[in-house]
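Undergrad: how would this look folded up:
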Amino acid sequence: MTKVMELPLVVGVDGSEGSLRALDWAVPEAARRGLPLRIVHASVWEHYEGVHPRLGADRPSEQVYAENLVATSEERARRLSPEVKVTTDIRPEEPVTGLVAEGDDAALLVLGSRGRGPVTGMLLGSVSLSVAARARCPVVVVRGRESTEQAGDGRVVLGVGDSDASRVAARFALREARSRGCELVAVRAWHGPVLESAPYPLADSDQLRTYRQQADDYVDSVLSDIGEDLTEVTVRRKVVQGTAHQTLLEAAAPGDLLVVGARRRHGAFGLQLGQVNHAMLHYAPCPVAIVPERE
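TA: As a prediction, this is how the structure comes out:
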């Protein structure tokens, strides 16, 4: 009987500080999941220079850089976790194209928040944003704390949105919380209308209670659809009146991982990240997982 090959956890590296942090995050994640780790560097130069490495002294500097990069990344990964099986590859493609293709056969794709490009001061690199919006597998963009331990206060935060993607994200978040031995916090923001006719706009208390109850019920329905045993993980619900992006940023501040779902675009390749997910990718104080809606 043929053994089904495990999909690897893929991490993209480009030599930037952001990609090193992504690698340091990916190694213990692969160990927790019991998955092989695949370290990938996508490089346009190789498309023109030829795929096969040349052994002579006239090798182009970009080829030498790429080979050294994946070699040192592999050494770093083995030093962090010797039990994880590590492979490497240099893809002769533009970075977004190469990494998106890697995601077709990956359990998880991990990227740094800032790349090696000319605008390194950006809140989020264009490669990470583009890959997060196009990959078919979950993508984690590592941002937030500088510590290599990447430890929050022991929680995975789930942003519960309005689409079915939240239900897929909930399963991902539960498994992350279980593998980490930490609690899962399901967060949903809500808001209700106000009575504009009053001198100072006042909220209708009955309406507010209704809106809050609807938000509570929706979170319960998402969690109940996970289809897995929730008793192994402490699950807390956090329903807050306010804007979604501010509520999630505050809830994620002490977290280990923020998980959000993303809808697929109808009739087109890619995901609808939306304003909230964009805000999380740019400003979240911890790593962010974008979990795509099923095909």
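Undergrad: where exactly do the strands run in this protein?
TA: For the chain, applying DSSP state E gives strands covering 9-12, 37-42, 86-91, 108-112, 139-142, 155-159, 183-190, 194-195, 202-203, 235-241, 257-264, 271-272, 288-292.
Undergrad: Quick one: low-confidence residue ranges for the stretch 1-150 of the chain.
TA: Across the stretch 1-150 of the chain, the ranges flagged by pLDDT under 70 are 1-5, 45-60, 115-124, 145-150.
Undergrad: Try it again at 50.
TA: Residues of the stretch 1-150 of the chain that meet the criterion pLDDT under 50 lie in 1-4, 46-55, 118-123, 147-150.
Undergrad: burial of D220, as a residue count?
TA: Here the count is done by other CB atoms under 10 Å, and D220 has 12 residues near it. Yep, even glycine has a C-beta here, placed from its N, CA and C like the rest.
Undergrad: If you drop the residues flanking it in sequence, what lies closest to it?
TA: R237 (7.6 Å; CB to CB, 6 or more residues apart in numbering).
Undergrad: what about E29, distance to P36?
TA: To P36, E29 is 12 Å away according to CB to CB, to the nearest Å.
Undergrad: Turn the strands of the chain into TSV, including mean neighbour count and distance to R78.
TA: Output for the strands of the chain, formatted as TSV (neighbours: other CB atoms under 10 Å; distance: least, CB to CB, whole Å):
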stretch	mean neighbour count	distance to R78
strand 9-12	28	14
strand 37-42	24	10
strand 86-91	17	6
strand 108-112	27	17
strand 139-142	27	19
strand 155-159	29	27
strand 183-190	22	31
strand 194-195	12	59
strand 202-203	13	58
strand 235-241	16	36
strand 257-264	26	24
strand 271-272	19	33
strand 288-292	26	25
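Undergrad: want to try JSON lines for those, with distance to L99 as columns?
TA: Below are the strands of the chain laid out as JSON lines (distance: least, CB to CB, whole Å):
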{"stretch": "strand 9-12", "distance to L99": "5"}
{"stretch": "strand 37-42", "distance to L99": "6"}
{"stretch": "strand 86-91", "distance to L99": "8"}
{"stretch": "strand 108-112", "distance to L99": "7"}
{"stretch": "strand 139-142", "distance to L99": "9"}
{"stretch": "strand 155-159", "distance to L99": "24"}
{"stretch": "strand 183-190", "distance to L99": "28"}
{"stretch": "strand 194-195", "distance to L99": "46"}
{"stretch": "strand 202-203", "distance to L99": "46"}
{"stretch": "strand 235-241", "distance to L99": "33"}
{"stretch": "strand 257-264", "distance to L99": "16"}
{"stretch": "strand 271-272", "distance to L99": "15"}
{"stretch": "strand 288-292", "distance to L99": "13"}
